[in-house]
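structure for the following, please:
(one chain, ligands or ions: 2)
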Amino acid sequence: MLHKILISFIVVLFLSFYAGSAYINSSSGTPPANMTGAPGTSSNCTSCHSPGAGGSGTFTITFNNGINQYLPGQTYPMSVTILQEGQKRWGFSMVARNSANQNVGSWIPTNTDSKTFSSNTHIGHKNAPVMTGAYTFHFSWTAPATPATGNVTFYASGVAANNNSSSSGDYVYLSAVSIAETVPQATIHLKLLLQGAVTPGTATMYTNLNSQNLLPTAQPFNTNPWNYPGTETVQTFTPDVTDWVLLEARSATNNHLILARKAALLLNNGTLKDANGNPGVTFDALPVGSYYIAVKHRNHLAALSASPINLPNGSICSTGSPCDFTLPANVTTGSQTLVNTGNNIWALPAGDINQDGAITYADYNAWRNGIIFIPAYTPADITLDGAVSLPDFNTFASNVGKVALPQLR
Ligand SMILES: [Ca+2]
Ligand SMILES: [Ca+2]
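Ligands and ions are numbered 1, 2, ... in the order given. You can find the predicted model right below:
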């Protein structure tokens, strides 16, 4: 009997607490489900926060730093930012829906301020954080592994509350962002340095050819010995471009066999982008899969990956991973092929002025014959500064005897 009375007392206590409590309190732990503004939801947070509408702030959904495309099975960073001057406490609720308005993918909270709920169909705030003026929640979303999900739309509501322990003085915002499914492509993200342009002891290169407007707008590998007919062109170089390079995808079982080529732009931090500006280098029409990767330059020796690399290889080349050609371990015959520029930062060696795949005294003759007195984009300029002068000779002299792999010459 005492037991029953006790339970009734607790139930009554709970109900009175709930009835007397403002909604901000009851939902500050986790937002209620279906309050995202998605099609078919009867309400959003305006049903419990007043005035709700009419706030002066903003609510922004950001998917993968604004790149609104996804690949099946990949995980992407996301964030929502709620901004309203004077407000102090923040919440949100979000779903991902396909064009049939079904929940798709899965959510991953990456901070303690958010959590998933409703069987991982929603993500929202956890213990609504307190901060004045604005708040950003960070989390991740994993796309469905099965292809052909199609366009996905994120629907979210955000609450900018005044933290007065009542539902008054709170504003609600709605936002939606659509992303498109893309077909996986054979894209390589690679990291490499050209010795001639390296600032010694650092993993950065200068961009002197670019800043002097000497870089050709069309890819420069259309002559001997490459005879690459690609039509890659650039309208305007971004200031971080160091030079053109030529990438090759080679068979995983026979790295003498070239399957695809692409000319691309090497940036001063050692990363690559396609001439169209997309990060990484995409081999058009090459199926996704595993390939040896070779990189070539006009007057530096070429390098080949130490092993096949599975393409696409993510969205960046992580330091130390097999795509990082600044480490000898990731390049075939790495410590012989590459040159240590200091601080154990390795680069493709400069000096192959006659472009035969070896650095010999034939290159000295080519340098002497290539001396010029006006800035130019020319093979004899192995320091990539637009001049053919003594520093080119000195760099060449330090590399005499270096030879690229036979299959790269
Ligand atoms: Ca040579
Ligand atoms: Ca030079």
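
run a quick neighbour tally on Thr46.
20 (other C-beta atoms under 10 Å). No exception for glycine: its C-beta is placed from N, CA and C like everyone else's.

can you check my assumption that it lies in a helix?
Yes: using DSSP: H, G, I helix; E, B strand; the rest coil, the assignment for Thr46 is a helix.

bridged to the closest residue to it other than its chain neighbours, which residues?
Distance criterion C-beta to C-beta, 6 or more residues apart in numbering; nearest residue to Thr46, sequence neighbours excluded, is Gly52 at 3.3 Å. When bridges are taken as DSSP bridges, the partners of Gly52 come out as Tyr171.

what about Pro287, distance to Asn68?
25 Å (C-beta to C-beta, to the nearest Å).

contacting residues around the nearest residue to Pro129 once chain neighbours are set aside?
Distances taken as C-beta to C-beta, 6+ apart place Asp113 nearest to Pro129, at 5.0 Å, with adjacent residues excluded. Listed by C-beta atoms under 8 Å, 6 or more residues apart in numbering, the contact set of Asp113 reads His125, Lys126, Asn127, Pro129, Phe137.

then Pro72?
By C-beta under 8 Å, 6+ apart, the residues touching Pro72 are Ala143, Pro144, Ala145, Thr146, Pro147, Thr149, Glu181, Pro184.

could you pull out the helices for the chain?
2-20, 23-27, 208-211, 334-337, 361-369, 390-398 (DSSP state H).

what pLDDT, on average, does the longest one get?
This points to helix 2-20. Helix 2-20 comes out with an average pLDDT of 39.

tell me which parts of the protein are close to ligand 2?
With C-beta under 5 Å from the ion as the criterion, the chain meets ligand 2 at residues Asp381, Thr383, Asp385, Ala387, Asp392.

let's see if you can find the most crowded of the residues you listed.
Asp381 (27 neighbours).

contacts only, for that residue.
Counting by C-beta under 8 Å, 6+ apart, Asp381 touches Gly196, Asn299, Gly370, Ala387, Val388, Asp392.

which of those residues fall within strands?
In strands, judged by DSSP state E, none of those are found.

now, among those residues, which is nearest to ligand 1?
Asn299 (8.6 Å; C-beta to the ion).

neighbours of that closest one, how many?
Counted with other C-beta under 10 Å, Asn299 comes out at 29.

isn't it right up against Gln195?
No: contact criterion C-beta atoms under 8 Å: Asn299 and Gln195 do not qualify, at 10.2 Å.

looking at Pro287 and Asn68, which is more packed in?
Asn68 (15 against 12).

grab the nearest non-local neighbour of the more buried one.
Excluding its sequence neighbours, the residue lying closest to Asn68 (C-beta to C-beta, 6+ apart) is Ile179, at 4.5 Å.

so what's that neighbour scoring on pLDDT?
For Ile179, pLDDT reads 97.

and it, how far is that from ligand 1?
For Ile179, the distance to ligand 1 (C-beta to the ion, to the nearest Å) stands at 48 Å.

for that residue, what are its contacts?
When contacts are counted by C-beta under 8 Å, 6+ apart, Ile179 touches Phe63, Asn68, Gln69, Tyr70, Asn151, Val152, Thr153, Phe154.

any idea how far the residue nearest the centre of the chain lies from Ile67?
Centre of the chain computed as the mean C-alpha position; nearest residue by C-alpha atoms, centre = their mean is Ser315, 4.3 Å away. Using C-beta to C-beta, we find Ser315 at a distance of 9 Å from Ile67.

which two in the contacts of Asp113 are spaced the farthest apart?
Pairwise distances across the contacts of Asp113 peak at 12.0 Å for Asn127 and Phe137 (criterion: C-beta to C-beta).

which one of these two has more residues nearby?
Neighbour tally, Asn127 and Phe137, criterion other C-beta under 10 Å: the higher count belongs to Phe137, 25 against 13.

my guess is that one contacts Asn111. True?
Yes: applying C-beta under 8 Å as the test, Phe137 and Asn111 come out as touching, 7.2 Å apart.

where is pLDDT lowest across the contacts of Asp113?
Of all the contacts of Asp113, Asn127 carries the smallest pLDDT score, 91.

relative to Gln87, how far out is that one?
Asn127 is 17 Å from Gln87, by C-beta to C-beta.

thanks again, I'm all set now.
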